[in-house]
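A.B. asks: Dropping a prediction and its sequence here:
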Amino acid sequence: MNYIQHTLDLPGFAEGVWWIHTHTKDSNWSVEQDVREIWVAQIAERTPLSADSLIDGAVDVEWFQRVYAILGAERWQQLDKAARYASSGGGHQRAKQFANAMLGQINKGELIDRIVKKRHQDSIRALGLCPLDSGKQRETDILARYKTYQEFLRTSKKFGAQRRASEKLCVEIGMENLARTARFTDPQRLK
């Protein structure tokens, strides 16, 4: 990857590819164990988040911000456009949704609508990534998102045990993403 970056004279290319590659994985990702172990080792060099957390939908916000600052909007869009051919299923859409949320290109209201109407779990994860309101509205914004998470959990009680567990995990990851976006050390500090 670094050779391609050097040949293209495109600083940040390799890290951008790694960020997208890392965030396209979900629990349906199935590869041989030795390939997964190599991926885990390579990812550990780039982010403090565990491979399991990343697969569950955790996002390294600081890593994205560093990569985006180096690449800029135009080059990020080029990389994102090419990335759809590098993953299977909805992996690229997942990484794209997370990036778009951090860039403020997804409306919080749209995410909440998908959460309420479709119980869309990646929208729960992405809600924590949207830029926070500034000034006095910051605390209100964080509280509103927290309440959205709690309502999602409360209404999951009508489903079976497996789905409740899945929805609880996505809320935990959403809270972790929100804590990172708000620059808290962990979700406990956020609460």
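C.D. replies: Arrived safely.
A.B. asks: Only alpha carbons, please: show the longest helix that the chain contains as PDB.
C.D. replies: Scanning the chain for the helix with the most residues, using DSSP state H, yields helix 61-83. C-alpha atoms of helix 61-83 as PDB (Å, rounded to 0.1, in the frame of the first residue of the first chain):
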ATOM      1  CA  VAL A  61     -12.900   9.000  15.300                       C
ATOM      2  CA  GLU A  62      -9.400  10.400  15.800                       C
ATOM      3  CA  TRP A  63      -7.900   8.100  13.100                       C
ATOM      4  CA  PHE A  64     -10.600   9.300  10.600                       C
ATOM      5  CA  GLN A  65     -10.000  12.900  11.400                       C
ATOM      6  CA  ARG A  66      -6.200  12.600  10.900                       C
ATOM      7  CA  VAL A  67      -6.700  10.800   7.500                       C
ATOM      8  CA  TYR A  68      -9.300  13.200   6.300                       C
ATOM      9  CA  ALA A  69      -7.200  16.200   7.300                       C
ATOM     10  CA  ILE A  70      -4.300  14.800   5.200                       C
ATOM     11  CA  LEU A  71      -6.400  13.700   2.200                       C
ATOM     12  CA  GLY A  72      -8.900  16.600   2.100                       C
ATOM     13  CA  ALA A  73     -12.500  16.400   0.800                       C
ATOM     14  CA  GLU A  74     -11.800  15.800  -2.900                       C
ATOM     15  CA  ARG A  75      -9.200  13.000  -2.400                       C
ATOM     16  CA  TRP A  76     -11.400  11.400   0.300                       C
ATOM     17  CA  GLN A  77     -14.300  11.200  -2.200                       C
ATOM     18  CA  GLN A  78     -12.100   9.600  -4.800                       C
ATOM     19  CA  LEU A  79     -10.900   7.000  -2.300                       C
ATOM     20  CA  ASP A  80     -14.400   6.400  -1.100                       C
ATOM     21  CA  LYS A  81     -15.700   6.000  -4.600                       C
ATOM     22  CA  ALA A  82     -13.000   3.300  -5.400                       C
ATOM     23  CA  ALA A  83     -13.600   1.600  -2.100                       C
END
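A.B. asks: now the helix or strand that it is followed by and helix 61-83, what's the angle there?
C.D. replies: Following helix 61-83 in sequence order, the next helix or strand is helix 91-102 (DSSP states H and E). Angle of helix 91-102 versus helix 61-83, following axes from the mean of the first three to the mean of the last three C-alpha atoms, to 10 degrees, is 130 degrees.
A.B. asks: Perfect, that will be all.
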